[in-house]
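J.: Give me coordinates for this.
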Amino acid sequence: MLLKLLKYDFRAMWKQFSLIWGAALALALVNRFTVFRDAGNNVHSNSDLLLFAFMCVIVAMFVIAIIFVVNRFSKGLLGNEGYLMHTLPVRSWQLVLSKLICGVVNWVVCGVVALVSPFIMAPLNWAELFQFPVWSDILQGIMKHPGTLVLMAEFCLATFSFLTLFIASMYLAMAVGHLFSRHRRLVSVAAFIGLYILIANLYERVFSYSGVQSLMDMATANAYGSMLTASATTLIPAAVFLAAVCWILENKLNLE
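T.: Numbers count the residues shown, from 1 in each chain. Now for the predicted structure:
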């Protein structure tokens, strides 16, 4: 059933973001023909308007991503759509997990689009870039340093962990706001700020103990341990927040 929920959420995501993702990549491609390098190897653009439009689309993409995450959870589980979603033969954690996975993937795709677009705009020689010797050298470098792939995987895990905590914080803030009969949005914003302050103070207090500091020094002795430690210390509060969200949905939900 979780796969069906994911299919439903991803379909909604594609309908909303396919246009803006395509617009960002299309504007990057158009700007490619206006960008050039001068004698000092500095990058310039013949059309400041096109470049400004591209920047506006990138900013709008991330703003819409935040709105998408908020609306999918608020309307889908706490709003009118909740009458249908909560009658499905699924547990609340499956509903929350589906929204969470979709939200994380949405942010990841937006980040990929934002990173790929400048490369499309850059006045590079793509014919040389896609030649076999270039990729052969990259592959040989990876074979000489196999830990690079592990470090990249851990970096991706840390990124996913931070996104998970960010989205879980928004979900819990909205769930807390739903407990109030009036000014729910205002309470949700205040709850989100409060959760941020709580996490910051909690980290500061926990990591101030000498025993914890010794363990942290051992765990972060190298880059690999640092990445895994960052992921673990981020996923733990995220799991607590998501558990609290599921408890509220199961015991305190009021759709009236």
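
J.: For the stretch 151-256 of the chain, just list every one of the helices.
T.: Ranges of helices in the stretch 151-256 of the chain, per DSSP state H, counting those that start in this stretch, are 184-206, 210-219, 223-251.

J.: Please disregard the earlier target; I meant the stretch 1-150 of the chain.
T.: In the stretch 1-150 of the chain, helices defined by DSSP H, counting those that start in this stretch lie at 2-32, 48-73, 82-85, 92-121, 126-129, 132-144, 147-178, listed in chain order.

J.: so the second one versus helix 2-32, what angle?
T.: By that I understand helix 48-73. 170 degrees (axes from the mean of the first three to the mean of the last three CA atoms, to 10 degrees).

J.: what do you get for the longest one?
T.: Calculated by the same axes, to 10 degrees, helix 147-178 forms an angle of 110 degrees with helix 2-32.

J.: Specify the angle between helix 147-178 and helix 92-121 in degrees.
T.: Between helix 147-178 and helix 92-121, the angle formed by their directions is 130 degrees, by the same axes, to 10 degrees.

J.: so how far is helix 147-178 from its chain's centroid?
T.: 7 Å (CA atoms, centre = their mean, to the nearest Å).

J.: can you tell me which residues contact the residue nearest in space to the middle of the chain?
T.: Note on the chain: the residue nearest the mean C-alpha position is W107, at 3.6 Å, using CA atoms, centre = their mean. Each residue near W107 by CB atoms under 8 Å, 6 or more residues apart in numbering is listed here: 65, 69, 163, 167. Placement of C-beta: from N, CA and C, glycine included.

J.: which of the helices of the stretch 151-256 of the chain sits most buried?
T.: Mean neighbours per residue, mean count of other CB atoms under 10 Å, is largest over the helices of the stretch 151-256 of the chain for helix 223-251, with a mean of 17.

J.: Tell me, how many residues neighbour M121?
T.: 22 (other CB atoms under 10 Å).

J.: doesn't R32 make contact with it?
T.: Yes: the pair M121 and R32 passes the contact test of CB atoms under 8 Å, sitting 5.2 Å apart.

J.: Give me the domain ranges for this protein.
T.: 18-124, 132-256 (automatic domain parsing).

J.: Lowest average pLDDT across those?
T.: Among the domains of the chain, domain 132-256 carries the lowest mean pLDDT, a mean of 78.

J.: I'd say V108 and I167 touch.
T.: No: with contact defined as CB under 8 Å, V108 does not reach I167; the gap is 11.6 Å.

J.: So between the two, which is more surrounded?
T.: Neighbours per residue (other CB under 10 Å) separate V108 from I167, with I167 holding more: 25 against 14.
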